[in-house]
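S.K.: Sharing a model prediction with you, sequence too.
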Amino acid sequence: MSRKGKVMVAMSGGIDSTVTALMLHHEGYEVLGITMKTWDYATSGGNTSSKETGCCNIDSFNDARQAAVHHGFPHYILDIRDEFGDMVIENFVEEYLAGRTPNPCVMCNTHIKWKALLKRANALNCDFIATGHYAEVRQHTNDRYVISKGLDETKDQSYVLWGLDQELLSRTIMPLGKFRKTEIRQMAYDMGYPELAKKSESYEICFVPDNDYRGFLKRRVDGLEEQVDGGWFIDKNGKRLGKHKGYPFYTIGQRKGLEIALGKPAYVTAINPEKNTVTLGEEQDLEQTEMMVTKINWGKYDGITDGQEMFTKIRYKDKGALSNVYNDTNGVKVKFYENVKSIAPGQSAVFYEDNDVVGGGIIQRGIL
């Protein structure tokens with residue numbers, strides 16, 4: 001038994017998870033590698049002529065297994081397709097059909113991957129689970145476990161981890177949070193994996209490998225095009241501007257691909273699934289000062305005081321905006337110091353204090 005303990009490492013076959021496993025192995029942990037199969041590429045449809053990317057193809061499985069075998073630690077493949085499909089994919093579809101914009105990575109991390117990992121880790125008597133995310137987990141002075149931003153701000157993934165509860169965080173190790181991506185690439189090269197050091201990364205949704213979520217929705221929901229085709233673009237006063245192709249195929253803040261000429265730039269500012277209308281406006285119409293956030297999970301603290309000042313991010317690449325956060329019956333109300341653009345219901349709002357994730361939730365609606 002290792003003096004540092006036994007750790008189950010989620011290995012996708014990519015550079016980050018491979019370096020994570022080897023780093024912990026070299027540090028003296030007893031490592032077990034596990035690769036999770038979450039979906040079938042063949043059943044996702046889309047452009048099947050392109051090579052499979054992401055974490056669910058046979059090449060990735062082989063890369064993860066070879067790294068484990070080469071360094072002398074066990075490797076397992078875990079089939080969670082049913083769990084993943086029921087929760088993540090169905091939620092993805094339902095959210096778009098409700099006129100919202102989901103974040104499947106948040107849903108997967110919160111409800112599927114971590115819990116699946118911990119369940120198998122317990123069965124194999126592992127002390128910890130580890131992933132290759134660019135973030136850190138530490139114990140705060142109040143004894144609660146908190147996620148902090150990764151050192152490399154261009155790769156920081158703390159935003160998609162806000163849903164992890166205290167039990168999961170108490171067992172989680174994220175060693176890459178202290179490094180920059182360039183350093184991890186060099187580590188891969190030094191460890192004898194030059195092909196990983198040069199390997200390109202995919203930023204697509206794993207179950208939409210051609211990056212065409214509209215096509216995925218059409219294939220997933222029988223007769224969807226016929227059900228939603230022919231709705232109206234309207235302005236903020238309800239005036240009809242022209243026909244659109246169906247409300248699920250648009251997102252708040254979208255400007256490109258609207259296929260309507262108004263003589264000036266137009267942006268999607270609201271979506272009404274009941275009436276199958278998509279409201280268009282000017283860029284300034286996207287600005288809002290408040291929003292309601294539900295399904296809250298607190299991290300650094302067990303709740304907040306009314307008016308607590310925090311930086312709030314409303315999307316993954318958002319730099320964040322200074323705000324005050326207030327407790328509300330169904331969650332929290334966020335009041336920004338300055339207007340923010342494109343608050344999209346269904347996306348995550350994540351609250352930060354310096355580099356620490358105080359908590360997060362799902363955006364219910366923006367308020368003018």
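M.R.: Perfect, thanks for sending it.
S.K.: so where's the chain shaky on pLDDT?
M.R.: The chain contains residues with pLDDT under 70 at 1-2, 41-57, 200, 202-204, 368.
S.K.: Report the separation between the nearest residue to Glu95 once chain neighbours are set aside and Pro248.
M.R.: Spatially, and ignoring its direct neighbours in sequence, Glu95 is nearest to Pro102 (3.7 Å; Cβ to Cβ, 6 or more residues apart in numbering). Every C-beta, even on glycine, is put in place using the N, C-alpha and C of the backbone. Taking Cβ to Cβ, to the nearest Å as the measure, Pro102 falls 11 Å from Pro248.
S.K.: Quick check: the residue nearest to Glu95 vs Tyr213, distance?
M.R.: Using Cβ to Cβ, one obtains 10 Å as the distance from Pro102 to Tyr213.
S.K.: who touches both of those two?
M.R.: Applying Cβ atoms under 8 Å, 6 or more residues apart in numbering, one finds that Pro102 and Tyr213 are jointly contacted by Tyr96.
S.K.: circling back: surely the residue nearest to Glu95 meets Glu90?
M.R.: No - proximity of Pro102 to Glu90 does not meet the contact threshold set by Cβ atoms under 8 Å, at 10.7 Å.
S.K.: Next, Glu309: secondary structure please.
M.R.: Glu309 falls in the strand class when you classify it by DSSP: H, G, I helix; E, B strand; the rest coil.
S.K.: and it, what is it in contact with?
M.R.: Contacts of Glu309 were listed using Cβ under 8 Å, 6+ apart, and they are Leu322, Ser323, Asn324, Val325.
S.K.: again, but for Phe92
M.R.: Contact partners of Phe92, counting by Cβ under 8 Å, 6+ apart, are Pro102, Pro104, Met107, Ile205, Phe207.
S.K.: Show me how the chain divides into domains.
M.R.: Residue ranges for the domains of the chain, per automatic domain parsing: 6-132+174-197, 222-281.
S.K.: show me where the stretch 101-250 of the chain has strands.
M.R.: In the stretch 101-250 of the chain, the segments counted as strands under DSSP state E, counting those that start in this stretch are 128-130, 135-139, 145-149, 172-173, 232-234, 240-243.
S.K.: Distance to Lys313 and mean neighbour count for those - can I get that in a markdown table?
M.R.: As requested, the strands of the stretch 101-250 of the chain are arranged in a markdown table below (distance: least, Cβ to Cβ, whole Å; neighbours: other Cβ atoms under 10 Å):
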| stretch | distance to Lys313 | mean neighbour count |
| --- | --- | --- |
| strand 128-130 | 25 | 23 |
| strand 135-139 | 13 | 18 |
| strand 145-149 | 10 | 22 |
| strand 172-173 | 21 | 21 |
| strand 232-234 | 29 | 20 |
| strand 240-243 | 32 | 13 |
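S.K.: Pro102 and Glu90: who's more crowded?
M.R.: Under the criterion of other Cβ atoms under 10 Å, the comparison of Pro102 against Glu90 puts Pro102 first, with 23 against 13.
S.K.: how about the more buried one, what does it touch?
M.R.: Asn91, Phe92, Glu95, Tyr96, Gly346, Gln347.
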